[in-house]
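[1] sequence isn't available, so here's the structure alone:
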């Protein structure tokens, strides 16, 4: 970047981070693309750590996505290597070779098979990743890993992010205290479809890999998969959940076990927290927008309508201009092809019903809505009046900042 | 608008317009929303004029769309009334009443049934259209209609357009000279799906209504339906083609009649010309972009991939920044869910192949591509390497101008 981006006005403060037993992390400046900042992150996990993952649905995924998707089949993880600044996407055989060399290098340091090393990269597409800078940096980095390395890791994975993103929850399984802690990065190219930008979450809970996978998959539906910044889906999206088992809880063999209720709630809450941080760091964002659609013929239909509203450049620019332009919300409902009846539709902004049954509410007073639009958190509620389907999606506004950032990213 | 928008740097000059026998037009300042400019347009057609139309697929169409869709069933047209500044969308029973009153008022002036009067409106959504201003203005406007009113009509239907849009073609049917002339408006909320913003085309050819409809429907597929400015589809899109029959050509009963070959070519060319003017007046546009996708599994698949590229905010902002960021093209291909194989994909910009078979071309020299990016016409070619499907879509770049215009439209 030519100059550092200003920190998002919606930036979330970094919470007080603790440790997760069985996880050691660190970051180093490997000089992959950026100058004067960390860009290579390693996490090491104790033997026996299980893992679940969700990945981008892009048909052109990066080589690290292919690598980690394959590694996930074993259900076990001993290390994670993440670099920022170069996504290692569309790099052909060189990209595959980079993954292999990186994983083998870390595997020899961690004393594990390369197939238990997970990889993730984000940054520019189509440039060969200088793997020798990674393999040269790994030994010293590995030697410096610490249980207190979470903040360093959160900072080391950033690209166009303007603030580091982390969240922690304390919960229990069957009365045994467990911790869940995670980091994320992401700011643009955000419209995940069963995945997101990068997020890595660890817990000391003892959970078999299938349970980790099931809880992560369901947890991302209403968190990372319910956010959009610009409707563009990355080639590198990945969320991984590691479970070290160091908490000492009794083994829980089924995701439906009622003893997981608290853990599930805490995990879902943490995932949503991290996902909303990505929205709040949306490129150029000045407002966070919650779009809730009810009354759809199905939850899936509600999701499509909510995304159409959240992805509409006209809705997003109107909100940037603090204009409660509900007509553009109607436009977005109409364009997406899902069942809708103009004469049953109701639209509320900031909790105030503006339009219903095909026209503006009689005596509609814009005053409270105008005040709501000046705030940082905008609520749009649409009721389609057709059925019980509902969905909530989060996004941000579309401002000059987005154009500034993306008209000059590579320079 | 707070102040007039600067004229698009891509503005097309208005061609020398002629007349179409059997068509009289005019425009007047009815004070519907704008001050100091025309905003109400009427066209009157000689008895026996046939008509075809395509309309927005929005599930929340405006009342004038409903009206004209119904009127089209008769296949005959005697008048068209268009207003700018208020779309008469989401206006409930009042909007329906406005349509009825407008059509009846014009019908009494034209001496025809109200069902042969076509209506179209664009502008703000959700505000009741002051119908009394229209009905008050119609008698004087009707009295002033002239065969030379085409430019006035082109200007009178503009909203956020920065230049008037018109095109003319001279052709023949079975050796008899015929004229096709049309106007269009549109700048934002452009992602037509079987329709577009507003465009009205007239010919003096003698063609039965089913032939007019068939030629228009097929002609819009590769013109108005192949453009996108911002992925947002209007509630008011409409293209109408009127055929007055005054040219005196022999009746042609089938759309497949070989005597229509020249006419079809001329019509399709005119429709594309008008559609590209809409792209060239895309809100904030500084560059016109042609996206051609070949090698897809089907034409339909190619169309979806091309639209994904053309609608991607990241692709569009990169082009605004004159950055040949082909990685974002790969991203857009990957995200849209259509069959694609990273390792077969080829991307060319400005005719220079940058990437093929999953990686950048060896020895790729960016110099000619950098020069191409500085121009106003950007060509992106993607070959998927899978089959024979192909499609071409046109769009424009995404700039600060788009944010300026849409963050303050209603103010």
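    Sure, I can see it. Predicted, not measured: the structure shown is a model, and the values here were computed from it. Numbering: from 1, shown residues only, chains lettered A, B, ... in the order given.
[2] residue boundaries of the helices in the stretch 301-411 of chain A?
    If you assign secondary structure with DSSP state H, counting those that start in this stretch, the helices in the stretch 301-411 of chain A sit at A:313-320, A:326-335, A:367-373, A:400-406.
[3] which of those helices has the lowest mean pLDDT?
    Of all the helices of the stretch 301-411 of chain A, the segment with the smallest mean pLDDT is helix A:400-406, scoring a mean of 84.
[4] who's in contact with that one?
    For helix A:400-406, the external contacting residues (C-beta atoms under 8 Å, 6 or more residues apart in numbering or on different chains) are A:5, A:160, A:188, A:230, A:282-286, B:313-314, B:317-318, B:320-321, B:398-400, B:402-403. Every C-beta, even on glycine, is put in place using the N, C-alpha and C of the backbone.
[5] would JSON lines of the helices of the stretch 301-411 of chain A with distance to residue B:329 and mean neighbour count be doable?
    JSON lines is the format used below for the helices of the stretch 301-411 of chain A (distance: least, C-beta to C-beta, whole Å; neighbours: other C-beta atoms under 10 Å in any protein chain shown):
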{"stretch": "helix A:313-320", "distance to residue B:329": "19", "mean neighbour count": "26"}
{"stretch": "helix A:326-335", "distance to residue B:329": "24", "mean neighbour count": "27"}
{"stretch": "helix A:367-373", "distance to residue B:329": "36", "mean neighbour count": "14"}
{"stretch": "helix A:400-406", "distance to residue B:329": "14", "mean neighbour count": "22"}
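[6] in JSON lines, list those helices along with distance to residue A:379.
    Converted to JSON lines, these look like this (distance: least, C-beta to C-beta, whole Å):
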{"stretch": "helix A:313-320", "distance to residue A:379": "11"}
{"stretch": "helix A:326-335", "distance to residue A:379": "12"}
{"stretch": "helix A:367-373", "distance to residue A:379": "7"}
{"stretch": "helix A:400-406", "distance to residue A:379": "22"}
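[7] closest one to residue A:71 among the ones you listed?
    Closest to residue A:71 of those, according to C-beta to C-beta: helix A:400-406, at 31.9 Å.
[8] tell me how far the closest one lies from the chain's centre.
    Between the mean C-alpha location of helix A:400-406 and the chain-wide mean there is a distance of 21 Å, by C-alpha atoms, centre = their mean, to the nearest Å.
[9] make sure residue A:364 is actually in contact with residue A:348.
    No: when contacts are counted by C-beta atoms under 8 Å, residue A:364 is not listed as touching residue A:348 (10.9 Å).
[10] ok and the residue in the stretch 101-250 of chain A nearest chain B?
    When scored by C-beta to the nearest C-beta, the stretch 101-250 of chain A has residue A:125 as its residue closest to chain B, at 2.7 Å.
[11] go ahead and confirm that residue touches residue A:95.
    No: checked against C-beta under 8 Å, the pair residue A:125 and residue A:95 is beyond contact range at 10.5 Å.
[12] circling back: apart from its chain neighbours, what residue comes closest to the residue of the stretch 101-250 of chain A closest to chain B?
    On the basis of C-beta to C-beta, 6 or more residues apart in numbering or on different chains, the spatially nearest residue to residue A:125 that is not a chain neighbour turns out to be residue B:327, at 2.7 Å.
[13] coming back round to it: which of the helices of the stretch 301-411 of chain A sits closest to residue B:33?
    helix A:326-335 (13.5 Å).
[14] that closest one packs against which elements?
    In this structure, helix A:326-335 packs against helix A:299-311, helix A:313-320, strand A:346-349, strand A:352-356, strand A:377-383, with contacts taken as 3 or more C-beta pairs under 8 Å, 6 or more residues apart in numbering or on different chains; DSSP states H and E.
[15] between those, which one is closest to residue A:150.
    Among the helices and strands packed on helix A:326-335, the nearest to residue A:150 by C-beta to C-beta is strand A:377-383 (27.3 Å).
[16] next one: the closest one to chain centre, how far?
    Using C-alpha atoms, centre = their mean, the offset of strand A:377-383 from its chain centre is 22 Å.
[17] any idea of the mean pLDDT in that strand?
    For strand A:377-383, the per-residue pLDDT values average out at 96.
[18] is it positioned near chain B?
    No: counting by C-beta under 8 Å from any C-beta of the partner chain, no contacts exist between strand A:377-383 and chain B, the nearest distance being 11.1 Å.
[19] now the angle from that strand to helix A:326-335?
    Orientation note: strand A:377-383 sits at an angle of 50 degrees relative to helix A:326-335 (axes from the mean of the first three to the mean of the last three C-alpha atoms, to 10 degrees).
[20] domain parsing for chain A?
    The record's domain split for chain A, according to automatic domain parsing, is A:23-280, A:288-407.
[21] pull the distance from the longest one to the chain's centre.
    In terms of C-alpha atoms, centre = their mean, the centre of domain A:23-280 is found 10 Å from the chain centre.
[22] could you do stretch A:306-317 as well?
    Once both centres are worked out by C-alpha atoms, centre = their mean, stretch A:306-317 turns out to sit 19 Å from its chain's centre.
[23] is that stretch in proximity to chain B?
    Yes: for stretch A:306-317 and chain B, the contact criterion (C-beta under 8 Å from any C-beta) is met by A:311, A:312, A:313, A:314, A:317.
[24] what is the nearest of these to chain B?
    Comparing the residues of stretch A:306-317 next to chain B against chain B with C-beta to the nearest C-beta places residue A:317 closest, at 3.7 Å.
[25] overlap in contacts of residue A:364 and residue A:348?
    Taking C-beta under 8 Å, 6+ apart as the contact criterion, the residues that touch both residue A:364 and residue A:348 are residue A:354.
[26] which one's more surrounded, those two?
    residue A:348 (20 against 14; other C-beta atoms under 10 Å in any protein chain shown).
[27] circling back: now render the helices and strands packed on helix A:326-335 as JSON lines, adding distance to residue B:59.
    As requested, the helices and strands packed on helix A:326-335 are arranged in JSON lines below (distance: least, C-beta to C-beta, whole Å):
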{"stretch": "helix A:299-311", "distance to residue B:59": "10"}
{"stretch": "helix A:313-320", "distance to residue B:59": "16"}
{"stretch": "strand A:346-349", "distance to residue B:59": "14"}
{"stretch": "strand A:352-356", "distance to residue B:59": "15"}
{"stretch": "strand A:377-383", "distance to residue B:59": "13"}
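[28] which of those sits most buried?
    By mean neighbour count, with neighbours taken as mean count of other C-beta atoms under 10 Å in any protein chain shown, helix A:313-320 ranks first of those at a mean of 26.
[29] how far off centre is that helix?
    Relative to its parent chain, helix A:313-320 has a centroid offset of 22 Å by C-alpha atoms, centre = their mean.
[30] for residue A:50, which non-adjacent residue is closest in space?
    Across the structure, with C-beta to C-beta, 6+ apart as the measure, the residue nearest residue A:50 apart from its sequence neighbours is residue A:209 (4.1 Å).
[31] excluding its backbone neighbours, what's nearest residue A:22?
    Here the residue nearest residue A:22, using C-beta to C-beta, 6+ apart, is residue A:244, at 2.9 Å.
[32] close enough to count as contact, that neighbour and residue A:207?
    No: using C-beta under 8 Å as the test, residue A:244 is too far from residue A:207 to be in contact (9.7 Å).
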